[in-house]
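>>> The following comprises the amino acid sequence and a computationally predicted model.
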Amino acid sequence: MADAALDQSLDRRAATVAARRHFLTRFVIYGLLVIFAAIYLVPLLVVVLNSFRDQQEIARNGLISLPRSFRLDAWGQAWSTYCIGGTCEGMQRNFYNSLKMTIPATIISTAVGAMNGYILSKWRFRGSEALFTCMLLGVFIPGQISLMPWAFILGNLGLSNSVYGLVLIHVIQGISFTTLFCRNYYVSIPDDLIKAARIDGAGFWRIFRKIILPLSSPILIVTVIWQFTGIWNEYLFGVVFTSGQQQPITAALVALTASGTNVRAYDVMSAAVLIGALPPLLIYLFGGKYFVRGLTQGAIK
Amino acid sequence: MSNHDLILSVPAPARPWRERLGSAMPLLVLGPSLVASFVYVFVFTGWTLYISLSNSSLLPTYGFVGLDNYASLWANRRWNIAYNNLFLFSGFYIVGSMAVGLLLAILIDQRVRGEAAWRTIFLYPLAVSFIVTGTVWSWLYNPVDGIQALVRGFGWTSFSFALASDRHYAIYAVIITGVWQASGFAMALFLAGLRSVDQDLIKAAQIDGASTFRIYRKVLLPTIAPIFLAVAVIQIQFAIKTFDLVAALTKGGPGISTTFPAIYVYDLMFQRGQIGEGAAAAIMMLAALAVVLVPYSFWVVWRRRKEAGHG
């Protein structure tokens, strides 16, 4: 009887020790997560808050401090009146340039990639695998290798210092990626489906329209998101091949923050940075699942 | 002979032109992409290679000078700083982002609440450009307005944190920012790997009474070992191509202390009009990539073959 009671109390003690240990590990896990989350969020928070603060207040209290003023002026200035290198039109033109560059380049490279992927997975011919491997090499070539050739080609086509020149570059450069994504996805569509359609007399385009395309939305979303964020965020080609009013927003941001007047207008620069970061951030927040999928797929394969 | 031809050509008219066009269609559609990729990969590379062997200065010219540009490149102090930086940066950047990424992945793998929210927080830097990240961090590093000012404001007036403006330490400012940006990526890949490990393996280890720590060390991490290599290879690629981050964060400075190969190429080609030597530097970047990627792709192919053989 006494033995049983002792056992019971030992059990209970073991249970409380286990519970305490469990609580402790949970505490450590969440503690670490919170610390890292803070490290990740503070820079974003700083920019967001500073875009609404008064510039004098920033100069007085530093960049990282709680806001004591609230103004929207910086956003308007950053968008339409702030001066970068002599012209005082803010970032709006560069924002539109980025849109004019990113949207066509994304659509064209994705469409071409889908067709290529369809052919390289469902209409294989002798040597098609070798050709696919050659196209893949394009993924790894650093942009610096192509700078001189592009300068020559864009010059001859009359596309230097033009957004359309950048569209051309991003389409050609993007084809390897989009082809890779789509091909690897289409490989998993059973060949029997295609064979059956061919026996029924469906041709190349009909099979694409009626069978492949309806199954494609996941990979097309992944590809569009990947291309859009990649092209929007690109800097090297933008800064090399365009200047001033033709620059995409990344190049303009560097020009803006480098244009050193005496007082650094952190409020306006914060708003400008956010204007430049907003489109890809929104895409990330709303299409996060696909964004991550593209990331892991693009990386592993 | 003509009779023979006739017989052979008889079925041709029976095959309508639409069908013949149809069978050529895949090649017709693929053709332009193939040509473009071929030009992009081989012609552009060959072109730049040739420029690197020529006496080009302000404009590309095609007088052959052999390896002169490479000789003057490797004799240049700034280039030596650039590739020393590349080694230093690559090492810390890869180890740092993989360590932080693995820690975050393991933390999130402990059945935490709000997993999606944590992941969103750690991955968002990947959506914004290096330009945005670099700009914002350059403000944080700024001794007058940033972190140093914050800590001094708390009363610790002798506190000094001026990484980015110190010649000797500016490279660490680049490393920290790079790790901040890239850890989420490592986390995503590690987490995907941890989730794909066979649950029976883990259960078997649990039944044997292994602790969580031991299960990770002995079962999970060895199983996802290939992912470590994949992450490292991708990060090295990023490191070799590093341009935007430095351009926005330190502009290669103070002085020339944070010059990277990509910055050097840009500078020589477009600021100093030394196209030949700039092209030589670009070719060295490609060579560095090849040193990493060629053995890796062979390894991947070899492993796939081996797995296919076992299956």
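It's in.

>>> just the helices in the stretch 151-300 of chain B please.
Under the criterion DSSP state H, counting those that start in this stretch, the stretch 151-300 of chain B carries helices at the ranges B:170-195, B:199-207, B:212-215, B:221-223, B:225-241, B:244-249, B:261-270, B:275-310.

>>> Tell me who's in contact with residue B:226.
The contact partners of residue B:226, taken as Cβ atoms under 8 Å, 6 or more residues apart in numbering or on different chains, are residue B:303. All C-beta spots, glycine's among them, are computed from the backbone N, C-alpha and C.

>>> Quick check: it vs residue B:190, distance?
Using Cβ to Cβ, to the nearest Å, one gets 12 Å for the distance from residue B:226 to residue B:190.

>>> tally of neighbours for residue 28?
Using chain A. As a burial measure, the neighbour count of residue A:28 was computed by other Cβ atoms under 10 Å in any protein chain shown and equals 12.

>>> Correction: the question concerned chain B.
Other residues near residue B:28 number 11, with proximity taken as other Cβ under 10 Å.

>>> does it sit in a helix or strand, and which one?
Counting by DSSP states H and E, the element that carries residue B:28 is helix B:17-38.

>>> The helices of the stretch 151-300 of chain B: which one's closest to residue B:255?
helix B:170-195 (8.9 Å; Cβ to Cβ).

>>> Going by neighbour count, list what's buried in that closest one.
By neighbour count on 16 or more other Cβ atoms under 10 Å in any protein chain shown, the buried set for helix B:170-195 is B:170-194.

>>> next one: stretch B:284-294
Neighbour counts over stretch B:284-294 (16+ other Cβ under 10 Å) mark B:284-286, B:288-289, B:292-293 as buried.

>>> wait, which of those residues is closest to residue A:95?
For residue A:95, the nearest member of the buried residues of stretch B:284-294 is residue B:285. The distance, counting by Cβ to Cβ, is 31.2 Å.

>>> thinking the closest one is in contact with residue B:262, fair?
Yes: counting by Cβ atoms under 8 Å, residue B:262 is a contact partner of residue B:285 at 6.7 Å.

>>> pretty sure residue B:118 is touching residue B:112, no?
Yes: Residue B:118 is in contact with residue B:112 according to Cβ under 8 Å; the separation is 6.7 Å.

>>> Identify the contacts common to these two.
Once Cβ under 8 Å, 6+ apart is applied, the residues that residue B:118 and residue B:112 both contact turn out to be residue A:33.

>>> ok, these two, which is more surrounded?
residue B:118 (21 against 14).

>>> Is there proximity between stretch A:214-221 and chain B?
No: Stretch A:214-221 stays clear of chain B (Cβ under 8 Å from any Cβ of the partner chain), getting no nearer than 15.0 Å.

>>> Show me the residue sitting in the middle of the chain in space.
Unless you meant another one, I'm taking chain A. Centroid check for chain A by Cα atoms, centre = their mean gives residue A:229 as the closest residue, at 3.0 Å.

>>> I was after chain B.
With distances taken as Cα atoms, centre = their mean, chain B has residue B:238 as the residue nearest its mean C-alpha position (2.3 Å).

>>> For the spatially closest residue to that residue that is not a sequence neighbour, give its distance to residue A:280.
Distance criterion Cβ to Cβ, 6 or more residues apart in numbering or on different chains; nearest residue to residue B:238, sequence neighbours excluded, is residue B:182 at 7.0 Å. Taken as Cβ to Cβ, the spacing of residue B:182 relative to residue A:280 amounts to 16 Å.

>>> show me what contacts residue B:265?
Contacts here follow Cβ under 8 Å, 6+ apart; on that basis residue B:265 touches A:144, A:147, B:278, B:281-282, B:285.

>>> Distance check, it against residue B:51.
With distances taken as Cβ to Cβ, residue B:265 is found 12 Å from residue B:51.

>>> Ok, residue B:208 next?
Applying Cβ to Cβ to residue B:208 and residue B:51 gives a distance of 63 Å.

>>> Please say which of those two ends up with more neighbours.
Neighbours per residue (other Cβ under 10 Å) separate residue B:208 from residue B:51, with residue B:51 holding more: 26 against 9.

>>> Next up, the contacts around residue 82.
Chain wasn't specified; assuming chain A. Contacts of residue A:82 (Cβ under 8 Å, 6+ apart): A:88, A:90-91, A:256, A:265, A:268, A:272.

>>> other chain: chain B
For residue B:82, the contacting residues are B:259-261, B:263-264, taking Cβ under 8 Å, 6+ apart as the criterion.

>>> I'd like the distance between it and chain A.
Taken as Cβ to the nearest Cβ, to the nearest Å, the spacing of residue B:82 relative to chain A amounts to 12 Å.

>>> pretty sure residue A:283 is touching residue A:226, no?
No: taking Cβ under 8 Å as the definition, residue A:283 is not a contact partner of residue A:226, at 10.0 Å.

>>> Per-residue confidence at residue 74, what does it come out as?
The chain I'm using is chain A. For residue A:74, the pLDDT comes out at 83.

>>> Please refer instead to chain B.
Value for residue B:74, per-residue pLDDT: 92.

>>> What is the nearest of the contacts of residue B:82 to chain A?
Relative to chain A, the closest of the contacts of residue B:82 is residue B:261; by Cβ to the nearest Cβ it sits at 8.1 Å.

>>> contacting residues for the closest one?
Under the criterion of Cβ under 8 Å, 6+ apart, the neighbours of residue B:261 are B:79, B:82-83, B:86, B:240, B:281, B:284-285, B:288.

>>> would you turn these into JSON lines with pLDDT?
Conversion of the contacts of residue B:261 to JSON lines gives the following (pLDDT from 0 to 100):
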{"residue": "B:79", "pLDDT": "92"}
{"residue": "B:82", "pLDDT": "92"}
{"residue": "B:83", "pLDDT": "88"}
{"residue": "B:86", "pLDDT": "92"}
{"residue": "B:240", "pLDDT": "90"}
{"residue": "B:281", "pLDDT": "93"}
{"residue": "B:284", "pLDDT": "93"}
{"residue": "B:285", "pLDDT": "93"}
{"residue": "B:288", "pLDDT": "91"}
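
>>> Which two of those have the greatest separation?
Comparing all pairs in these by Cβ to Cβ, the longest separation belongs to B:79 and B:240, at 14.4 Å.

>>> who's more crowded, the two?
For residue B:79 versus residue B:240, the count of surrounding residues by other Cβ under 10 Å is larger for residue B:240: 26 against 20.

>>> Setting aside sequence neighbours, what's the nearest residue to the more buried one?
Setting aside the residues directly before and after it, residue B:240 is nearest to residue B:288 in space (Cβ to Cβ, 6+ apart), at 5.1 Å.

>>> any idea how far that neighbour lies from residue A:73?
The spacing between residue B:288 and residue A:73, counted by Cβ to Cβ, is 47 Å.

>>> circling back: what residues does the residue nearest to residue B:238 make contact with?
Applying Cβ under 8 Å, 6+ apart, the residues contacting residue B:182 are B:93, B:97, B:101, B:126, B:235, B:238.

>>> The fourth one: neighbouring residues, count only.
Residues lying near residue B:126 (other Cβ under 10 Å) number 20.

>>> Next one: it from chain A, what distance?
To chain A, residue B:126 is 7 Å away according to Cβ to the nearest Cβ.

>>> in terms of contact, does that residue touch residue B:184 like I think?
Yes: using Cβ under 8 Å, residue B:126 is in contact with residue B:184, at 5.6 Å.

>>> Stretch A:58-67 and chain B, any residue contact?
Yes: in this structure, stretch A:58-67 sits against chain B according to Cβ under 8 Å from any Cβ; the contacting residues are A:58-59, A:61-65.

>>> Endpoints of that stretch, how far apart?
Distance between the two ends of stretch A:58-67: 9 Å, counting by Cα to Cα, to the nearest Å.

>>> Report all helices and strands that the helix or strand residue A:49 falls within contacts.
Residue A:49 is located in helix A:2-50, with elements delineated by DSSP H and E. With contacts taken as 3 or more Cβ pairs under 8 Å, 6 or more residues apart in numbering or on different chains; DSSP states H and E, helix A:2-50 sits against helix A:266-286, helix B:77-108, helix B:115-123, helix B:130-141, helix B:170-195.
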